[in-house]
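**Q** what's the 3D shape of this:
(chains A and B, ligands or ions: 4)
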Amino acid sequence: MAKKLVTPEVFRKKVADQSDLFLITERAQGVYHEFLPQGLRVIKTPKELIFPEWEGVYRFSFQDRSWKVWEIETGDFSPRFLFLLPCEARAVIEVLDGNFLQKDYIDKNYWQRRKNLHLIVLGCYTIPKTCFCSLVGGNPLWRDGRSLFVLPFQGELYVENDETMLFGEGKSVDAREEETLATREEELKASLPPPLPSDFPQKLYAHFDEGIWKDLSWRCINCGACTFLCPTCYCFDLSVEGRLRGLTLKTWDSCMFPRFTLHASSHNPRPTGKERVRQRVMHKFSYLPLREGYYGCVGCGICREICPVNWDIRETVERMAKYLG
Amino acid sequence: MDSLSVPVKNIYLPELVQIQEIIEETRDIKTFRVQRPHDFEYRPGQFAEVFVPGKGEAPFSITSSPTQEAFLEFSIKRVGTVTEALHRLNPGETVGVRGPYGNGFPIDSLRKQNLLFIGGGIGLAPLRSLINYVLSAPYRGNFGDIFILYGARTPQDLVFRWELEEWKKREDLSLLVTVDRGDDSWRGRVGLVPEVLKELSIDAKDFKAIVCGPPIMIKFTIKTLLEMGFQPGCIITTLEMRMKCGLGKCGRCNIGPYYVCKDGPVFSYEELQKMPEEY
Ligand SMILES: Cc1cc2nc3c(=O)[nH]c(=O)nc-3n(C[C@H](O)[C@H](O)[C@H](O)COP(=O)(O)OP(=O)(O)OC[C@H]3O[C@@H](n4cnc5c(N)ncnc54)[C@H](O)[C@@H]3O)c2cc1C
Ligand code: SF4
Ligand code: SF4
Ligand code: FES
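**A** Ligands and ions are numbered 1, 2, ... in the order given. Next comes the predicted model:
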């Protein structure tokens, strides 16, 4: 693994010189603004680049007395680099890729966007109160070992995996520096709350029918804001726009909405907020881990920050963990 | 990323096919026979997404049997936007089809077994695919006795009447049709499915039961089957949930960690017992 140190001046200049190539998430901007030039395109959540709020998946039209359908090709994107925090990177690599690139059915539009989007993981060093990545198996320096990784270190920027010299040659990391880095990483990890017990998903599932869900869910007003800004939430709707010509749209949807599961017979398996909040928590902390082996939450805390009633998923999960013993 | 091969196919894109024939089954149910799309290999119990251009898309069980190679059939009850649009179409017009999706019936585990089919209303549609499969010449010998119990609210609500006549003529199966309420011309059985079921002289040990119908009918039928001595693993049913993608991606149709579109829609009662009651 290539490792190097780059001075903040060089780093900033390299980014400024190629600023068209870069994008940054709002949260990463909040942490790293002092190292970056102004004017980079800022996005709210990484998913909007690869799984946009809405996109057409195919068109239909009635011409010459017959119907035609044809796919809407997103085409090939030119390569771009996205600065993002470790939790956001994990949301893309584990959860979104896990869903849309699952081998049996690959979502073509997603794949076409994703394959040219390179992630630059920015190690987190100011940890807000609302996040809890270590509970769900992450940490502020999490990276997948292949993506670019950047971290401030002794007045410089430590960079991993910069194969194309995006940030210049830099200077190599010596053995002592490497050791210091490793020690700091260990210390940091040791200072964080431990992960949820490995049987948490199983135990949570076993407590599906518990009365506590009512208590945990009553405050939530089911507005769905959390699911739209959550970097891992990927549920979507397919709907039709237009009559004689138009398109089939894939749009973000939310398990917090009553119509999400409404049957044509008007029966609804999740009729109240209790069932819907339970679904959101269970999907992230039980169903996905049981099914795919990863949590559907990366502990970023965004949902808590934007919730109009301060509904706190961390508090919920910690309360459940305690309740389950 | 690069390790994945290029997906050539847009998984949401339907193939347009022509409606060959429409059979009016009841006041609000029609059976649509459509051209079979290319490379469309399916198993009984699977479903497809049917697209009406300009209207929308909805999931329907494939009611034809894969042994009928030239076409697909769907029996569709008019309940809302898409189904109403479908009911307004005529032979020769176009719909889109994508699929097949879902697990289908566990045919391997049904081999050599006696089969008890129990259908209620339009719930006969998914069963019919399997019934015609096991009745077809190449496969009939692989299965034991076949008993079909079919019920509907009134004689007017019976679907596939034309085919029930065919089945009745066959000597290698028993067919019993019942209605909740008869009328002047009805000469057959009157009674709810679970009640009629109780009176059948069927030895639970020798049969596998395959049940489909409205949720309330399924519930009471399963109860009766258990009383008759059926093991939960020997009762098979198919579920309905609101669906969009049909592919296990849109996150909509789960019951606990199971996606009904992918892991289902066919489940044994043994499997259902382990799931939360959220369907
Ligand atoms: C695996 C599977 C297999 C199936 N197989 C069959 C089958 O073989 N045959 C069959 O007939 N069905 C089958 N179904 C059910 C079928 O998919 C539904 O009946 C169909 O999706 C209804 O679509 P629709 O657009 O006509 O109804 P929708 O318009 O989606 O919904 C209709 C109902 O919802 C209400 N509604 C509509 N819009 C609104 C609104 N804005 N607000 C509130 N309420 C509203 C309407 O009053 C109506 O009662 C199957 C379902 C599944 C999941
Ligand atoms: S903390 Fe909230 S917003 Fe962040 S991943 Fe978990 S559920 Fe989503
Ligand atoms: S948790 Fe908060 S943001 Fe999410 S749906 Fe409930 S009220 Fe809205
Ligand atoms: S219908 Fe989309 S996940 Fe099942």
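**Q** find me the pLDDT at residue 265, would you?
**A** Went with chain A since none was named. Per-residue confidence (pLDDT) for A:Ser265: 82.
**Q** chain B, not that one
**A** 97.
**Q** again, but for A:Gly75
**A** For A:Gly75, pLDDT reads 74.
**Q** shouldn't it be within a strand?
**A** No - under DSSP: H, G, I helix; E, B strand; the rest coil, A:Gly75 sits outside any strand and is assigned coil.
**Q** surely it meets A:Asn109?
**A** No - under the criterion of C-beta atoms under 8 Å, A:Gly75 makes no contact with A:Asn109, lying 9.8 Å away. C-beta here means a position set from N, CA and C on the backbone, and glycine is covered the same way.
**Q** which of the two has more residues huddled nearby?
**A** A:Asn109 (24 against 8; other C-beta atoms under 10 Å in any protein chain shown).
**Q** what is the neighbour count of residue 273?
**A** Went with chain A since none was named. Neighbours around A:Gly273, by other C-beta under 10 Å: 18.
**Q** um, chain B though
**A** Count around B:Gln273 with other C-beta under 10 Å applied: 11.
**Q** the helix or strand containing B:Pro126: what's the following helix or strand?
**A** B:Pro126 belongs to helix B:124-135 when assigned by DSSP states H and E. Downstream of helix B:124-135, the next assigned helix or strand under DSSP H and E is strand B:146-152.
**Q** now that following strand, how far from the centre of its chain.
**A** 13 Å (C-alpha atoms, centre = their mean, to the nearest Å).
**Q** equivalent analysis for stretch A:84-96, please.
**A** With C-alpha atoms, centre = their mean, you get 4 Å for stretch A:84-96.
**Q** when you scan that stretch, is anything in it near chain B?
**A** No - contact of stretch A:84-96 with chain B (C-beta under 8 Å from any C-beta of the partner chain) is absent, the minimum separation being 9.8 Å.
**Q** so what touches stretch B:67-75?
**A** Outside stretch B:67-75, the residues within contact range by C-beta atoms under 8 Å, 6 or more residues apart in numbering or on different chains are B:17, B:20, B:25, B:29-37, B:40, B:48, B:50, B:60-64, B:97, B:122, B:125, B:128, B:132-133, B:136, B:138-139, B:159-160.
**Q** test my guess that B:Cys245 contacts A:Cys235.
**A** No - using C-beta under 8 Å, B:Cys245 is not in contact with A:Cys235; the gap is 9.9 Å.
**Q** neighbour count for those two, which is higher?
**A** Neighbours per residue (other C-beta under 10 Å) separate B:Cys245 from A:Cys235, with B:Cys245 holding more: 27 against 21.
**Q** what's near enough to touch the more buried one?
**A** B:Cys245 neighbours (C-beta under 8 Å, 6+ apart): A:236, A:238, B:12, B:252, B:261.
**Q** how about the nearest residue to the second one, chain neighbours excluded?
**A** Think A:Leu238. Nearest residue to A:Leu238 in three dimensions, chain neighbours excluded: B:Lys244, at 4.8 Å (C-beta to C-beta, 6 or more residues apart in numbering or on different chains).
**Q** correct me if wrong: that neighbour contacts A:Phe236.
**A** Yes - counting by C-beta under 8 Å, B:Lys244 touches A:Phe236, with 7.4 Å between them.
**Q** follow-up on the earlier one: mutual contacts of B:Cys245 and A:Cys235, please.
**A** B:Arg252.
**Q** quick one on the thing from earlier: pLDDT check: weakest of the contacts of B:Cys245?
**A** B:Arg252 (93).
**Q** B:Lys244 is in contact with that one, correct?
**A** Yes - here B:Arg252 reaches B:Lys244: they are 5.5 Å apart, a contact under C-beta under 8 Å.
**Q** look up how far A:Ile24 lies from B:Phe22.
**A** Heads up, residue B:22 is Ile, not Phe. Distance, B:Ile22 to A:Ile24, by C-beta to C-beta, to the nearest Å: 56 Å.
**Q** neighbour count winner among those two?
**A** A direct count of neighbours by other C-beta under 10 Å for B:Ile22 and A:Ile24 places A:Ile24 higher, at 22 against 18.
**Q** find the residue closest to that one in space, skipping its chain neighbours.
**A** A:Phe83 is the one closest to A:Ile24 (C-beta to C-beta, 6+ apart), at 4.1 Å.
**Q** so that neighbour, which of the three states?
**A** strand.
**Q** measure A:Val42 to A:Arg245 for me?
**A** Taken as C-beta to C-beta, the span from A:Val42 to A:Arg245 is 36 Å.
**Q** sorry, wrong one. I was asking about B:Gly229.
**A** 59 Å.
**Q** neighbour-wise, which of those two wins?
**A** A:Arg245 (15 against 12).
**Q** buried residues, the host helix or strand of A:Phe11. List them.
**A** Using DSSP H and E, A:Phe11 falls within helix A:8-17. Going by neighbour count (16 or more other C-beta atoms under 10 Å in any protein chain shown), the buried part of helix A:8-17 is A:11-12, A:14-15.
**Q** list the contacts of that helix.
**A** In contact with helix A:8-17 (C-beta under 8 Å, 6+ apart) are residues A:6, A:22, A:35-37, A:40, A:150, A:155-157, A:166-168, A:170.
**Q** any quick PyMOL command for the buried ones out of these?
**A** Buried subset of those, written as a PyMOL selection, criterion 16+ other C-beta under 10 Å:
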select buried, chain A and resi 6+22+35+36+40+150+156+157+166+167+170
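**Q** looking at the contacts of helix A:8-17, which is nearest ligand 1?
**A** Using C-beta to the nearest ligand atom, A:Leu40 is the member of those that sits closest to ligand 1, with 41.3 Å.
**Q** you'd agree the closest one is up against A:Ile24?
**A** Yes - counting by C-beta under 8 Å, A:Leu40 touches A:Ile24, with 4.9 Å between them.
**Q** what do the two both touch?
**A** A:Phe83.
**Q** residue of chain B nearest ligand 1, please.
**A** Counting by C-beta to the nearest ligand atom, chain B gets nearest to ligand 1 through B:Gly80 (2.1 Å).
**Q** the residue in the stretch 51-200 of chain B positioned nearest to ligand 4 pairs with what?
**A** Nearest residue of the stretch 51-200 of chain B to ligand 4 (C-beta to the nearest ligand atom) works out as B:Pro59 at 7.5 Å. On the basis of DSSP bridges, B:Pro59 is bridged to B:Glu49.
**Q** residues touching it, list them.
**A** Contacts of B:Pro59 (C-beta under 8 Å, 6+ apart): B:47-50, B:101, B:243, B:246, B:261.
**Q** how about A:Leu21: what's its closest non-neighbour residue?
**A** Nearest non-adjacent residue to A:Leu21 (C-beta to C-beta, 6+ apart): A:Phe81, at 5.4 Å.
**Q** for chain A, just list every one of the strands.
**A** A:3-6, A:22-25, A:41-43, A:54-63, A:66-71, A:80-84, A:117-122, A:148-153, A:156-160, A:171-172, A:236-241, A:245-252 (DSSP state E).
**Q** tell me the SS of B:Thr237?
**A** With three-state DSSP as the criterion, B:Thr237 reads strand.
**Q** verify the contact between it and B:Ile222 for me.
**A** Yes - using C-beta under 8 Å, B:Thr237 is in contact with B:Ile222, at 7.2 Å.
**Q** give me the more crowded residue out of the two.
**A** B:Thr237 (23 against 20).
**Q** check what pLDDT that one gets.
**A** Value for B:Thr237, per-residue pLDDT: 96.
**Q** okay, now the unreliable bits of the stretch 201-325 of chain A?
**A** For the stretch 201-325 of chain A, no stretch is flagged by pLDDT under 70.
**Q** number of nearby residues for B:Arg128?
**A** 28.
**Q** pretty sure it contacts B:Phe160?
**A** Yes - in this structure, B:Arg128 is within contact of B:Phe160 by C-beta under 8 Å, at 6.3 Å.
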